[in-house]
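Novice: here is a sequence together with a model predicted from it:
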Amino acid sequence: MNEPAPKPMRASRIAIAQLMQPEHANNHGNVHGGWIMKLVDEAGALACMRHANHRVVTVAIDQMQFHQPIRIGDLVTLTAEVTYAGRTSMEAEVRVVAENPLTGEQVHTNTAYLVYVALDEDGQPARVPPLLAETESDRQRLAAAQQRQQARLAQRKRNP
């Protein structure tokens with residue numbers, strides 16, 4: 001089978017924006033972390049689907065730390081991009097920013113790294129295109145992603 005042609009990181013980039021409503025929050029007005037995790041997973045999956053041209057499933061989420069609270073009324077923007085591509089798996093970097101739409105003030109709340117596997121029509125792992133790092137920033141992000149992937153694989157060997 002022919003190897004798919006490489007695709008640049010930027011080709012996978014997607015952005016999702018959603019206004020946080022009362023149903024997304026606790027009674028203190030802070031958005032539930034689980035709601036943000038759901039949005040992060042959706043954004044990462046979309047970036048990986050765009051890269052792979054296949055359906056994907058989530059196989060790992062690296063730790064997720066919230067550095068700032070997200071409040072009711074904030075516009076949350078998630079930007080996702082593929083930062084690593086293996087044979088059938090991909091890592092997506094998802095950056096979350098909360099914005100007060102009245103003042104325009106933006107706060108970076110967290111960045112998460114998720115791993116997905118592409119699936120063919122039969123639900124089996126599918127080959128994904130290699131990732132093309134076009135800029136120095138891309139190369140640095142790819143190198144960091146490769147290190148994270150090596151750490152994940154080493155962790156899996158230690159804890160099967």
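Specialist: Everything's here; your move.
Novice: for the top strand by length along the chain, packing partners?
Specialist: The residue-count maximum for a strand in the chain (DSSP state E) belongs to strand 106-119. Packing partners of strand 106-119 (3 or more CB pairs under 8 Å, 6 or more residues apart in numbering; DSSP states H and E): helix 33-52, strand 55-61, strand 89-99, helix 136-158. (Glycine included, C-beta is placed from N, CA and C.)
Novice: quick one: which of these is nearest Lys7?
Specialist: helix 33-52 (5.8 Å; CB to CB).
Novice: and the angle from the closest one to strand 55-61?
Specialist: Here the directions of helix 33-52 and strand 55-61 differ by 130 degrees (axes from the mean of the first three to the mean of the last three CA atoms, to 10 degrees).
Novice: who touches helix 33-52?
Specialist: By CB atoms under 8 Å, 6 or more residues apart in numbering, the list of residues contacting helix 33-52 from outside reads 7, 11-16, 18, 24, 55-56, 58, 61, 64, 66, 70, 76, 78-82, 85, 90, 92, 94, 96, 109-110, 112, 114, 116, 118, 126, 128-129, 131.
Novice: pull out the buried residues from the residues you listed.
Specialist: Among the contacts of helix 33-52, those buried by neighbour count (16 or more other CB atoms under 10 Å) are 7, 11-12, 14, 16, 24, 55-56, 64, 70, 76, 78-82, 85, 90, 92, 94, 96, 109-110, 112, 114, 116, 118, 126, 128-129, 131.
Novice: done for today, thanks.
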